[in-house]
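**Q** Need coordinates for the below:
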Amino acid sequence: MKKIRIVIMGKTGVGKSTIINSVLGEEKAKTGDGAAITRENKVYECKRLVDTKKNNEYGKYSKVNCTISLYDTVGLEIDRNITRETLQKIKKHIEEAKKNSNEEDVNIVWFCINERSNRFESFEADLIKQLSIEYEIPFIIVLTQCISKKSGMLAEEIHRKMPNVPIRRIMASDYLFDDEITIKSFGLDELVQLSIKDYYQYRINVIESIIDELSVQSDEQIKKVESRGNWCISDYSEQAGKIGWVPGGCIPFVHGKCIKMIADLNEIGGLSKDKSFTDEVFTDVVLGIFATPLMTVPLLSKFAAESYIVTVGDNYLKAMISVIKSSSEVELKNKRLMKERMKSQLKKTNG
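**A** Model (predicted):
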């Protein structure tokens, strides 16, 4: 039997318990008028026939027996202590659900927001993004207590901030408006159906978001490596210039500074800190590419020493960034492989 696991999250008063009772078809979860009724996370289950997929060329959907598991959670408040404890339990629940799932099962989160509050907190957006990416689990933002089916300003704001997260509007149970007009419930059955029918597309959207996030993180990391690397090169160039007035005699000193600079650049780039790694790259490649004849000429020694450090540093940093971009996290930890790639890239850069 197909298992549909739904985590229901949101702040106190958004109507999580009402949603649960409506899906179950009976009053099992306590409800209240905006008060914090749910004191602990709890699982509710029911069985029902659900349309899951088209079964012929006419586009009709087949009905499948499903077990729907609803995980009711304590309200997420601004109080960080409550939120932290609740989130730990939610994360544990998601981990266990994924561990016990097969390919046919659905694991999804309904993140509930009261449409009449007209507020979408920044911490809610951050939370959705964090959990969705960390656990590769799709989210649907559910706007609750909606009087109209038409999209409003809150939905538009949420869409601007999170364009890849689907938004659904519901009224989970009949609502008496102004003690005169009864607004009939709507949207909940469609939400259940879409959570199942479109689940795999939602999963694809999450994976695409993860790829985009990794790309952004990679770009930011490269910028940090470049910035710190350039500062490192400038610092070592200044140190080399202080001894550069001594013609000839500064060569061993500058070479020593150069080796230390390369070791620091390796650390900045997350490559091996092993001294043999640095020594071998410097001896086998750097010395063979970058000559130092001007450091034996009087008066030009200071300029030559600084220029040598900058030239080696700039080329090494450029080669290292190229290697980092083309290597996986596992490959970056392979000292032998990185050594060969650095040698190859340095020779290519200055070939």
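**Q** Looks like Leu191 contacts Ile140 (just checking).
**A** Yes. With contacts defined as C-beta atoms under 8 Å, Leu191 counts as touching Ile140 at a distance of 7.1 Å. Where C-beta positions appear, they are placed from N, C-alpha and C, glycine not excepted.
**Q** tell me the contacts of Ser218?
**A** For Ser218, the contact set (C-beta atoms under 8 Å, 6 or more residues apart in numbering) comprises Lys325.
**Q** Low-confidence ranges, the stretch 101-250 of the chain, go.
**A** Counting by pLDDT under 70, the stretch 101-250 of the chain has low-confidence residues at 213-217, 243-250.
**Q** picking up where we left off before, what's the overlap in contacts for Leu191 and Ile140?
**A** Any residue near both Leu191 and Ile140 by C-beta under 8 Å, 6+ apart counts here, and that gives 110, 168.
**Q** So which bits of stretch 180-200 are buried?
**A** In terms of neighbour count (16 or more other C-beta atoms under 10 Å), stretch 180-200 has its buried residues at 187-188, 191-192, 194-197, 199.
**Q** Okay, helices next: where are they in the stretch 151-300 of the chain?
**A** Counting by DSSP state H, counting those that start in this stretch, the stretch 151-300 of the chain has helices at residues 153-161, 188-197, 199-243, 250-269, 275-281, 287-289.
**Q** now the angle between helix 250-269 and the third one, please.
**A** If I follow you right, that is helix 199-243. Here the directions of helix 199-243 and helix 250-269 differ by 160 degrees (axes from the mean of the first three to the mean of the last three C-alpha atoms, to 10 degrees).
**Q** before we move on, what about the second one?
**A** Following the same axes, to 10 degrees, one obtains 130 degrees for the angle between helix 188-197 and helix 250-269.
**Q** Remind me what helix 188-197 packs against, helices and strands.
**A** Contacts defined by 3 or more C-beta pairs under 8 Å, 6 or more residues apart in numbering; DSSP states H and E place helix 188-197 against strand 2-10, helix 16-24, strand 42-54, strand 61-72, strand 106-114, strand 139-144, strand 167-169.
**Q** how distant is that helix from the center of its chain?
**A** When distances are taken as C-alpha atoms, centre = their mean, to the nearest Å, helix 188-197 is centred 26 Å away from the chain's centroid.
**Q** CA atoms only for it, dumped as PDB, please.
**A** This file holds the C-alpha atoms of helix 188-197, laid out as PDB (Å, rounded to 0.1, in the frame of the first residue of the first chain):
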ATOM      1  CA  LEU A 188      -8.000  20.600   0.900                       C
ATOM      2  CA  ASP A 189      -8.900  17.600  -1.300                       C
ATOM      3  CA  GLU A 190      -7.000  19.200  -4.200                       C
ATOM      4  CA  LEU A 191      -4.000  19.800  -2.000                       C
ATOM      5  CA  VAL A 192      -3.900  16.100  -1.100                       C
ATOM      6  CA  GLN A 193      -4.200  15.100  -4.700                       C
ATOM      7  CA  LEU A 194      -1.600  17.500  -6.000                       C
ATOM      8  CA  SER A 195       0.800  16.500  -3.200                       C
ATOM      9  CA  ILE A 196       0.700  13.000  -4.600                       C
ATOM     10  CA  LYS A 197       0.300  13.500  -8.400                       C
END
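**Q** Identify all contacting residues around it.
**A** Residues from elsewhere that reach helix 188-197, judged by C-beta under 8 Å, 6+ apart: 4, 6, 19, 22-23, 50-53, 61, 66, 68, 106, 108, 110, 140, 142, 166, 168, 170, 172.
**Q** Now which of those residues would you call buried?
**A** Burial of these was assessed by neighbour count (16+ other C-beta under 10 Å); the buried members are 4, 6, 19, 22-23, 50-52, 66, 68, 106, 108, 110, 140, 142, 166, 168, 170, 172.
**Q** Quick one: end-to-end distance for stretch 258-278.
**A** Using C-alpha to C-alpha, to the nearest Å, the gap from the first to the last residue of stretch 258-278 comes to 10 Å.
**Q** Report the mean per-residue pLDDT for that stretch.
**A** The average pLDDT for stretch 258-278 rounds to 85.
**Q** buried stuff in that stretch?
**A** For stretch 258-278, the neighbour count (16+ other C-beta under 10 Å) marks 258-259, 261-266, 268-272, 277-278 as buried.
**Q** For stretch 333-350, list the C-alpha coordinates in CSV.
**A** Output for stretch 333-350, consisting of C-alpha atoms alone and laid out as CSV, is shown next (Å, rounded to 0.1, in the frame of the first residue of the first chain):
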residue,chain,number,x,y,z
LYS,A,333,41.1,15.4,-0.6
ASN,A,334,43.2,13.2,-2.8
LYS,A,335,46.7,14.6,-2.3
ARG,A,336,48.4,12.7,-5.1
LEU,A,337,45.7,13.6,-7.6
MET,A,338,45.8,17.3,-6.6
LYS,A,339,49.6,17.4,-6.8
GLU,A,340,49.5,16.1,-10.4
ARG,A,341,46.7,18.4,-11.4
MET,A,342,48.5,21.4,-9.9
LYS,A,343,51.7,20.5,-11.8
SER,A,344,49.7,20.1,-15.1
GLN,A,345,47.7,23.3,-14.7
LEU,A,346,50.8,25.4,-13.8
LYS,A,347,52.7,24.1,-16.9
LYS,A,348,49.6,24.7,-19.0
THR,A,349,49.2,28.2,-17.6
ASN,A,350,52.8,29.1,-18.4
